Structures are given as C-alpha cells and as structure tokens.
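> model this:
(chains A and B)
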Amino acid sequence: MKIATWNVNSLRVRLAHLQQWLAVRDPDIVCLQETKVVDEDFPAQALLDCGYRAHFRGQKTYNGVAILLHERRRGEADDFVSDLPGLEDPQRRFLALTVDGVRVACAYFPNGQSVESDKFQYKLRWLAALQAWLPGEIARHPRFALLGDFNIAPTDEDVHDPEAWRGQVLCTDEERAAFRAMTEAGLQDAYRLFPQPARTYTWYDYRNFAFRRKMGLRIDHALVTAELAARCTACTIDLEMRKLEQPSDHAPVVAEFREDG
DNA sequence: ATGGCATGACAATCATGA
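The predicted model follows:
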C-alpha cells in the first residue's frame, strides 16, 4: 500500500501534473493540500476517470484539502472527519478517514508567516488542537498515519541553511517542540526510517533558482504509528515533479507499506 | 535592500505563501 501527500498549490493549475503522477506512481491513498478550489468546482469526475474517489473540503482562494482513494481500495471510507476537533476554524485544513484498516489524516498546517504575526499564534493554537486530538486516534487505531504539509522543518538536517533559518518560522523551537510531541505521542517520521540522499527537501522557493541550487526545506511529512512503521518499506520525495514546467513549489512524499496482515 | 515568484480575486494591485 502506498500512502502519499502533496501540496499541489492549486489543484486547477496542477491537475495534469497530478493525473500524470497518479498514473506513474499508482498510490492507494493521496492527501492533497492547497487545492484552492471550492467544493462545487472540485474535479471529482476527472479524478474518478483516473481511478480515484475523492473526499474534499475546500474554500475560495486559500487552503483546501482532499483525500483520494484508489478504486482498488474496496472498503468504504469510515469515520470521516473534516476540520480539526476542538478548534473553531473556518479554514479548510484537515480531513481524516479510515479505509481498509488504516486511519489517515490529511493536514495543511498553518504557515505562521512570521513569529511576530497573529498568524503564528493561530499556528500554535492549531498545533495544540492537533496535539490534543492525536493520542485518542493513536490509541483507537494501531494503523494511523498523519500526512501533509506540516510547515515545520523538524531538525537542522531538514534545512538547506540552518543558520539562515534559525529562529525563523518553520524552524522555531516552539514548532520543533510540537513536532517532537507528535513523535513522543507514538508517531514516527517515515522518511527517517531509511537512509536518504543528501540535500533532498520537499519545498523549494520559486524564487532565486532555489530548486536548481538545492535550497529547500523538508516540511511535508508522513508520520506513522509503530505498527505501520514496522511494515514501511520505503519513503521517497518525488523530486521529479518539482522539475516539470509550472510545478508546485512542493514535491510529493510517498510512503510504502507491506500488507502482510 | 523585506525584494525575488506563483496563485487567485479582481480588474490595479493586493493577500498569502514559506
């Protein structure tokens, strides 16, 4: 089973890239962020034509999340949740559902803009609500995965220039502490279960030839419970998608799992 | 030097991203 996450930075603009990637990678479950499309305009039929059922919550202009399920996944999506429990929030950033024995949460964490900003306080509130929600889910679902654009680079190793980014939003102690709290609650960073190529990140700024210069951050993650980690066989950042014409500034992350029961 | 680039709403610039 392959479970993936991708911040597409507008599903309308990136639909052809997504379709191409689905055909090549053939994931079972895909978490999308920054769809930037209201539900009435979500390209559900185009994705169905690719073999994927979609669950989605969008809004005008900003945010928007979706979970795609390959039709080979026969199970119905159970226990569907939109919006982070315990947080009053008009922004569409969160979905969770259970399919074929795996609970998957798709999250678009707030960016935070800058540490002085009100948006950073919102990010901390959002992180606190997530932190409050996780233990129950982990206890109820031995096979639980939290994927998405976390907008947190968990360690200096996840940053092309740690000194330049020290204390900046995405790299602050508070955000990194929140990330560690998730791992201490029982989730493992699937990417770090394996040796990985150097200077490989999930986000590269559109400006200043950042991708070509390998100036990026690893802020998109797949966190999994021990039972899934034990079955995880690979976790890959699909840099090929960042090389295309008119790419998303984020690359997909794909985690693969054995299904040996 | 708070810029650079991309997207969307809107109809010239502006909010937001990270």
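> which residues touch the closest residue to residue A:29 other than its chain neighbours?
Once flanking residues are discounted, residue A:29 sits nearest to residue A:3: 4.6 Å by CB to CB, 6 or more residues apart in numbering. To be clear about C-beta, it is placed using only N, CA and C from the backbone, and glycine gets the same treatment. Taking CB atoms under 8 Å, 6 or more residues apart in numbering, we find residue A:3 in contact with A:27-31, A:102, A:104, A:145, A:147, A:222, A:254-255, A:257.
> could you redo the last one with a cut-off of 6 Å?
Contact partners of residue A:3, counting by CB atoms under 6 Å, 6 or more residues apart in numbering, are A:29, A:145, A:255.
> quickly run through the sheet partners of the one helix or strand it maps to, with directions.
Element membership for residue A:3, per DSSP states H and E: strand A:2-7. Here strand A:2-7 has these sheet partners by DSSP bridges: strand A:29-33 (parallel), strand A:253-257 (antiparallel).
> show residues contacting the first one.
Outside strand A:29-33, the residues within contact range by CB under 6 Å, 6+ apart are A:3-8, A:65-69, A:104, A:106, A:108, A:147-149.
> ok, the lowest-mean-pLDDT helix or strand in chain A: who's next to it in the sheet?
Lowest mean confidence among the helices and strands of chain A (mean pLDDT, DSSP states H and E): strand A:78-82, at a mean of 94. Applying DSSP bridges to the sheet, strand A:78-82 is found paired with strand A:94-99 (antiparallel).
> list the beta-bridge partners for residue A:66.
Beta bridges link residue A:66 to residue A:32, residue A:56 when assigned by DSSP bridges.
> check the contacts of strand A:29-33 against DNA strand B, which are close?
Counting by CB under 7 Å from any atom of the strand, A:7, A:149 from the contacts of strand A:29-33 sit close to DNA strand B.
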